[in-house]
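Trainee: build me a model:
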Amino acid sequence: MKIRHDDPEPLDHEPLLLGEGPSWDAESATLSLVDIAGRALLIVTDQGTTRIPVADDIGCAVPWRTDQWLAAVGTDLLAVSRDGSVGEVAKLPADPATHRANDGKCDPAGRLWVGVMARDAAAGAGLLCVAREHGRVETVLTGLTIPNGLGWSPDGTVMYVTDSVPGTITAYDFDPGSGRLGESRTLITIDPRLGAPDGLTVDAEGHLWTALWDGGAVLRFAPDGALVGVLELPVARLTSCCFAGPDLTELIVTTASIGLDQEALGRYPASGSTYRVRTGIRGLPASRLTDS
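Mentor: A predicted model of the protein is given here:
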């Protein structure tokens, strides 16, 4: 069941506290990711890595206009440019004193979905929001704890939503035109002894890949929820993954060093690295944020 792959290649950046949210923009051949607790957006190209600091925890950032990303920082949606300039776009419907953005991603129509969690990870205090036309942000789901990895089936009719604390990935019927959720079903429940499901991506065959926090692996599931593959990495706290590269066969995996004591860092010295892993399996292209 192990996924065949070339040796994992660490990307060229300093170890991150809480690496997350990798996103490949095929139009500009640019990889972006965030360091949530390190409060920075990282832009990775063949020319090197640019680190752009922000003022609060940054849950996610998605490619938008040329050299610009829409980032969820604290409870603000901000336009962050490569030169470091920042402009406010909208606010998430939560108190910044108690809540912050977590993972986020664009659906096939280019709408941004963002999970919001309590800063103390209080049970049931999380929500899932979507940014619609004219900067209007709508709350779609409540009662979550740590809303995390998001993804869509290749035909766009199923949306996947991870909640890390109960260890579930829920599948929702999804209307790509309206962006409305329909019936739901718990597709996957991860045994907590294996770790907690974190970030998620979907490949061209409709299989789900989820990074395991404190699990040291990325798991691949069939669309029916059956486990079909395991990719192990030399880091305990894997956080997210996406497909990248010209043919979308490079799996990018982010990791974290936050919360690890010296003993754990001694066992996992690569914690906080971001890996490129060539699996030969093709992913789906990421959707760019639309201006509508």
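
Trainee: which SS class is the residue in the chain sticking out farthest from the centre?
Mentor: What lies farthest from the middle of the chain is residue 263; by Cα atoms, centre = their mean that is 27.7 Å. Assigned by DSSP: H, G, I helix; E, B strand; the rest coil, the conformation of residue 263 is helix.

Trainee: quick one: it and residue 236, what's the gap?
Mentor: Using Cβ to Cβ, to the nearest Å, residue 263 is found at 12 Å from residue 236. Yep, even glycine has a C-beta here, placed from its N, CA and C like the rest.

Trainee: same check on residue 17?
Mentor: When residue 17 is compared with residue 236 (using Cβ to Cβ), they lie 14 Å apart.

Trainee: between the two, who's got more neighbours?
Mentor: In this view residue 17 and residue 236 are compared by other Cβ atoms under 10 Å, and residue 236 has more residues nearby, 22 against 16.

Trainee: what helix or strand does the more buried one sit in?
Mentor: Counting by DSSP states H and E, residue 236 is held by no secondary-structure element, helix or strand.

Trainee: got the contact list for it?
Mentor: When contacts are counted by Cβ atoms under 8 Å, 6 or more residues apart in numbering, residue 236 is found next to 214, 215, 216, 260, 264, 267, 268, 271.

Trainee: could you dump those into TSV and include secondary structure and pLDDT?
Mentor: Output for the contacts of residue 236, formatted as TSV (DSSP: H, G, I helix; E, B strand; the rest coil; pLDDT from 0 to 100):
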residue	secondary structure	pLDDT
214	coil	98
215	coil	97
216	coil	97
260	coil	96
264	helix	95
267	helix	96
268	coil	97
271	coil	98
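
Trainee: buried members of those into ChimeraX, please.
Mentor: This is the ChimeraX syntax for the buried subset of those, where burial follows 16 or more other Cβ atoms under 10 Å:
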select :214,215,216,260,268,271
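
Trainee: now residue 252. Nearest residue, chain neighbours left out?
Mentor: Distances taken as Cβ to Cβ, 6 or more residues apart in numbering place residue 22 nearest to residue 252, at 4.4 Å, with adjacent residues excluded.

Trainee: ok, now how distant is that neighbour from residue 198?
Mentor: Taking Cβ to Cβ as the measure, residue 22 falls 12 Å from residue 198.

Trainee: how near is the residue farthest from the centre of the chain to residue 138?
Mentor: Taken as Cβ to Cβ, the span from residue 263 to residue 138 is 45 Å.

Trainee: same question, residue 18
Mentor: 27 Å.

Trainee: so the two - more neighbours on which side?
Mentor: The residue with more neighbours, out of residue 18 and residue 138, is residue 18; 21 against 12, by other Cβ under 10 Å.

Trainee: what helix or strand does the residue nearest to residue 252 sit in?
Mentor: strand 19-25.

Trainee: packing partners of that strand?
Mentor: Here strand 19-25 touches strand 30-35, strand 58-63, strand 99-106, strand 196-202, strand 238-244, strand 250-255, going by 3 or more Cβ pairs under 8 Å, 6 or more residues apart in numbering; DSSP states H and E.

Trainee: the longest strand along the chain - what's its average pLDDT?
Mentor: Ranked by residue count, the top strand of the chain under DSSP state E comes out as strand 180-189. Mean per-residue pLDDT for strand 180-189: 98.

Trainee: contacts only, for the closest residue in space to residue 35 that isn't next to it in sequence.
Mentor: Once flanking residues are discounted, residue 35 sits nearest to residue 16: 4.3 Å by Cβ to Cβ, 6+ apart. Applying Cβ under 8 Å, 6+ apart to residue 16 gives the contacts 35, 38, 42, 254, 255, 256, 257, 272, 273, 274.

Trainee: TSV for those residues, including pLDDT, distance to residue 162 and neighbour count?
Mentor: Formatted as TSV, the contacts of residue 16 follow (pLDDT from 0 to 100; distance: Cβ to Cβ, whole Å; neighbours: other Cβ atoms under 10 Å):
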residue	pLDDT	distance to residue 162	neighbour count
35	98	20	28
38	98	22	22
42	98	22	24
254	98	15	30
255	98	17	29
256	98	16	28
257	98	22	23
272	98	21	26
273	98	22	24
274	98	20	26
